[in-house]
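*Asks:* here is a sequence with its predicted model. Questions after.
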Amino acid sequence: TNTPLQALAMLNDPLVLEASRVMASRLIGEDKDAEQAVQEAFARIICRAPSEEELHLLVEYYREELKRFRKAPEKILETVQKGESPLGPEADKPETAALMQVVVAIYNVEEAITKT
């Protein structure tokens with residue numbers, strides 16, 4: 001985003017976190033691989049396909065987060081328990097928590113906020 005305060009607000013906004021979790025759960029539930037899930041999330045939020053560089057960065061971020069959640073599975077529910085929408089069957093998977101973090105990052109892109 002353009003300002004640190006805007007980034008802080010977006011990264012901690014319960015609405016953004018819940019929307020990210022719901023989208024991640026649905027994409028994981030559809031058995032999409034990481035690249036497909038990231039492409040679909042990006043297209044839904046930004047309304048265009050990601051560039052090769054954007055896709056590469058986001059898939060790498062997903063893989064880093066997946067490793068983190070696999071090493072510390074107790075962090076999964078702590079991460080995904082945001083908002084009022086009920087947790088689905090995919091909620092306790094490390095893949096869901098990792099993809100949720102990627103979706104939060106996509107929502108935090110200036111292009112998603114201002115749609116310029």
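*Replies:* Great, that's in hand.
*Asks:* in this structure, which helix has the most residues?
*Replies:* Identified as the longest helix of the chain according to DSSP state H is helix 52-71.
*Asks:* buried ones in the helix or strand containing residue 38?
*Replies:* For residue 38, the element it lies in under DSSP states H and E is helix 34-46. Buried residues in helix 34-46, counted by 16 or more other Cβ atoms under 10 Å: 34, 37-42, 45-46. The way it works is simple: take the backbone N, C-alpha and C, and place the C-beta from them, glycine included.
*Asks:* with stretch 82-100 instead?
*Replies:* 82-83, 87, 90-91, 93-100.
*Asks:* of those, which is the nearest to residue 20?
*Replies:* Residue 20 has its nearest neighbour among the buried residues of stretch 82-100 in residue 100, at 4.8 Å by Cβ to Cβ.
*Asks:* one step back: hey, what's the angle from the helix holding residue 38 to helix 52-71? Just curious.
*Replies:* If you take axes from the mean of the first three to the mean of the last three Cα atoms, to 10 degrees, helix 34-46 sits at 120 degrees to helix 52-71.
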